[in-house]
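>>> Sequence and predicted structure are below.
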Amino acid sequence: MKWLSDVSLTPHHTFGLPARAQAIVEAHCVQDLQEIWQASDYHNSPKLVVGEGSNLLFCQDFEGVVVLNRLKGITIDNHADHYLLHVGAGEPWHAFVAWSIDNAMPGLENLALIPGCVGAAPIQNIGAYGVEFAERCAYVDIYHPDTGNQRRLSCDECQFGYRDSIFKTPAMQGWVITQVGFRLDKAWKPVLKYGALAELDSQQATPKGIFDAVCAIRRAKLPDPSVCGNAGSFFKNPVLDSEQATKLKVSYPDVPLFSAPLGQKKVAAGWLIDQCGLKGKRQGGARVHPQQALVITNAENAISDDVIRLAKHVVSHVYTRFGVRLEHEVRLIDQQGETTLEAQ
């Protein structure tokens with residue numbers, strides 16, 4: 001366990017905005033988590049577990065302890081028809097995906113180059129290019145540092161939805177994700193139904209080829225957080241009922257719609273924002289990315305208020321024009337913990 005003397009949060013989240021915490025500490029094992037929660041100086045302080053901070057916006061200084069999840073390790077159970085991988089929550093996501101491809105255990109190649117750690121994947125039910133984390137999840141191990149209780153949640157118990165899970169609900173308050181189980185079938189089939197991947201030949205496609213293609217697409221479309229601070233897609237793609245989707249299609253025949261569960265339709269949020277002419281829109285040091293309207297960037301020494309005001313501006317304009325309410329995908333953190341854009 002390592003307590004950090006510098007309590008600036010700027011290097012610990014990919015937006016790179018100025019913010020501070022009461023304390024910052026690295027946890028490398030479950031025992032570290034228990035000791036952090038029992039530390040007398042911070043016993044009553046709120047705790048926030050962070051991996052790489054790739055999906056966070058600190059709206060204010062955090063009046064508590066930021067715990068950097070550094071629980072590492074990968075073990076493999078080799079079954080007749082699948083591999084079962086047990087992966088520490090603090091493993092960097094992209095490095096893990098690359099490792100799985102290099103070790104001939106495909107299935108995660110469509111999720112390459114998503115920033116963050118393995119432990120963040122189930123919280124958001126991350127997804128890209130036709131594959132969601134939930135489709136590869138075997139279980140999620142969680143630990144409650146206050147009580148010492150440990151649980152293993154099955155995939156069904158995680159209640160995965162579109163960029164959603166049980167880990168976003170009050171039921172998981174106080175629990176920390178420590179390990180994630182992945183089931184990767186040996187009978188591999190390429191998933192090439194989304195975007196530029198649909199141009200690949202399914203008979204010739206290989207896991208490494210898809211991995212490389214996804215990396216190339218993401219690098220071309222999305223700004224590198226190490227160069228221009230951002231947290232990836234700021235907004236979710238709205239899910240509409242069939243009636244609302246039909247009305248939108250009649251009014252805007254070019255609107256991109258995709259199938260969603262229960263007969264619903266998912267509309268591309270980036271298209272909605274682009275149609276409002278908001279690419280490149282600035283508020284202080286924050287900017288809607290000129291090439292990818294879903295991304296808000298720290299273009300020039302932005303502060304959190306710049307990002308919040310710009311995000312609200314985007315939500316307002318999209319709703320005024322299309323009658324569709326955008327929801328933020330990025331997790332917003334205030335003084336005590338998670339909050340919403342509407343509350344700011």
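It's in. These numbers come from a predicted model, not from an experiment.
>>> element containing Ile76?
strand 74-78 (DSSP states H and E).
>>> So what touches that strand?
For strand 74-78, the external contacting residues (C-beta atoms under 8 Å, 6 or more residues apart in numbering) are 83-88, 91, 96, 99, 105. C-beta: built from backbone N, CA, C; applies to glycine.
>>> Strands of the stretch 151-300 of the chain, start to end?
176-185, 229-233, 239-240, 257-259, 265-267, 282-283, 286-288, 295-298 (DSSP state E, counting those that start in this stretch).
>>> packing partners for the last one?
For strand 295-298, the elements it packs on are strand 229-233, strand 286-288, helix 304-322, judged by 3 or more C-beta pairs under 8 Å, 6 or more residues apart in numbering; DSSP states H and E.
>>> hey, which of those is tucked in deepest?
strand 286-288 (a mean of 26; mean count of other C-beta atoms under 10 Å).
>>> counting contacts, what elements does it pack onto?
strand 295-298, helix 304-322.
>>> What is the distance between the strand holding Ile76 and the centre of its chain?
Relative to its parent chain, strand 74-78 has a centroid offset of 25 Å by C-alpha atoms, centre = their mean, to the nearest Å.
>>> Pull out the buried residues from it.
Applying a neighbour-count criterion of 16 or more other C-beta atoms under 10 Å, one finds Ile74 buried in strand 74-78.
>>> Would you mind giving the domain segments of the protein?
The record's domain split for the chain, according to automatic domain parsing, is 2-69, 74-219, 235-327.
>>> Pipe these into CSV and attach distance to Glu338 and mean pLDDT per row.
Listed next are the domains of the chain as CSV, based on distance: least, C-beta to C-beta, whole Å; pLDDT from 0 to 100:
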stretch, distance to Glu338, mean pLDDT
domain 2-69, 8, 94
domain 74-219, 8, 96
domain 235-327, 14, 96
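>>> picking that back up, between the helices and strands packed on strand 295-298, which one is nearest to Ser242?
Taking C-beta to C-beta, helix 304-322 is the member of the helices and strands packed on strand 295-298 nearest to Ser242, at 16.4 Å.
>>> And Ala23, which helix or strand is it part of?
strand 21-27.
>>> For that strand, buried residues please.
Buried residues in strand 21-27, defined by neighbour count with 16+ other C-beta under 10 Å: 21-25, 27.
>>> need the helices for the chain, in chain order.
With DSSP state H as the criterion, the chain has helices at 30-38, 93-102, 121-124, 207-221, 242-251, 269-275, 304-322.
>>> so of those helices, which one's packed in deepest?
Counting by mean count of other C-beta under 10 Å, helix 121-124 has the highest mean neighbour count of the helices of the chain, with a mean of 25.
>>> Please state the offset of that helix from the chain centre?
Distance, centroid of helix 121-124 to centroid of chain: 6 Å (C-alpha atoms, centre = their mean).
>>> Output the contacting helices and strands for it.
Using 3+ C-beta pairs under 8 Å, 6+ apart, the elements in contact with helix 121-124 are strand 176-185.
>>> roughly how far out does the strand it packs on sit from the chain middle?
Strand 176-185 sits 16 Å away from the centroid of its parent chain (C-alpha atoms, centre = their mean).
>>> Show me which positions of that strand end up buried.
In strand 176-185, counting by 16+ other C-beta under 10 Å, buried: 176-184.
>>> and the angle from that strand to strand 74-78?
40 degrees (axes from the mean of the first three to the mean of the last three C-alpha atoms, to 10 degrees).
>>> what angle do strand 176-185 and strand 21-27 make?
Direction vectors for strand 176-185 and strand 21-27, defined by the same axes, to 10 degrees, enclose an angle of 50 degrees.
>>> who does strand 176-185 touch, helix- and strand-wise?
Going by 3+ C-beta pairs under 8 Å, 6+ apart, strand 176-185 lies up against helix 30-38, strand 62-69, strand 82-88, helix 121-124, strand 137-144.
>>> residues touching the closest residue to Phe211 other than its chain neighbours, list them.
Residue nearest to Phe211 in three dimensions, not counting chain neighbours: Glu109, with 4.1 Å by C-beta to C-beta, 6 or more residues apart in numbering. For Glu109, the contact set (C-beta under 8 Å, 6+ apart) comprises 97, 101, 207-208, 210-211, 214.
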